[in-house]
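> Give me coordinates for this.
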Amino acid sequence: MESNKLSNPNDTRYLILIAILSVVVPLVVALLLFMPQTGKLGDLDVSFLPKLHAVLNSLTAIALVIGYYQIKRQNRRLHRFAMVTAFVLSSFFLISYVTYHYQAAPTAFGGEGAIKTLYYFILITHIILAAAIVPLVLLSVYFAISEQYVRHRKISRWTFPLWLYVAVTGVVVYLMISPYYT
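Below you'll find the predicted structure:
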């Protein structure tokens, strides 16, 4: 039976934690992008990580689409499995992404003209929505785990398309900048 708990005594504690993470995670990523910490992990070679990031984003997008398809078929078990998979993959991506930007020098996009404009449009929308998706994903997960399914569905209507956009554009950004990695 589906629950529609609208008042959970644990909500306040978890919503505060979600709010804190929703601010801290994008701030840490922004600090790494604007204040590169190149070489802080010694000689650790992280040159393979951008390709791994593209794979993780691709797998996340696939898991999201499978999860969406499964919930439309009312298969909650497979929906849950796909969405947990997407969350875990995104979490691994985030850890790997932070590690990469902590260790590696930034890579400049070398394209010119319209392709450069397109690249920066995709990159900027990707970055903005990647920051915005953090609270949406955390809220979607929390509402599902706490069996607040009405709230879960309401927030997930926004979470799904934005998360899918972030995952797909992460791959597109990688494909566009990959020729410029040294």
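> Once you drop chain neighbours, what's closest to Gly170?
Residue nearest to Gly170 in three dimensions, not counting chain neighbours: Asn57, with 3.7 Å by C-beta to C-beta, 6 or more residues apart in numbering. (Each C-beta comes from the backbone N, C-alpha and C, glycine too.)
> what about dumping the CA coordinates of the one helix or strand that neighbour maps to to CSV?
Per DSSP states H and E: Asn57 is located in helix 49-72. Extracted as CSV, the C-alpha positions of helix 49-72 are listed here (Å, rounded to 0.1, in the frame of the first residue of the first chain):
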residue,chain,number,x,y,z
LEU,A,49,39.2,9.9,-14.9
PRO,A,50,37.5,12.1,-17.5
LYS,A,51,36.8,9.0,-19.6
LEU,A,52,35.5,7.2,-16.5
HIS,A,53,33.3,10.3,-15.8
ALA,A,54,31.7,9.9,-19.3
VAL,A,55,31.1,6.2,-18.7
LEU,A,56,29.5,6.9,-15.3
ASN,A,57,27.3,9.7,-16.7
SER,A,58,26.3,7.4,-19.6
LEU,A,59,25.4,4.6,-17.2
THR,A,60,23.5,7.1,-15.0
ALA,A,61,21.5,8.2,-18.0
ILE,A,62,20.7,4.6,-18.9
ALA,A,63,19.7,3.8,-15.3
LEU,A,64,17.5,6.9,-15.2
VAL,A,65,15.6,6.0,-18.4
ILE,A,66,15.2,2.4,-17.2
GLY,A,67,13.9,3.7,-13.8
TYR,A,68,11.4,6.0,-15.6
TYR,A,69,10.3,3.2,-17.9
GLN,A,70,9.8,0.8,-15.0
ILE,A,71,7.7,3.2,-12.9
LYS,A,72,5.5,3.9,-15.9
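> Which elements pack onto it?
The contact analysis (3 or more C-beta pairs under 8 Å, 6 or more residues apart in numbering; DSSP states H and E) places helix 49-72 against helix 76-103, helix 149-177.
> Name the nearest residue to Ala63, sequence neighbours excluded.
Ala86 (3.9 Å).
> Please compute how far the helix or strand encompassing Leu32 lies from its chain's middle.
In this assignment (DSSP H and E), Leu32 forms part of helix 11-34. How far helix 11-34 lies from its chain's middle: 13 Å, per C-alpha atoms, centre = their mean, to the nearest Å.
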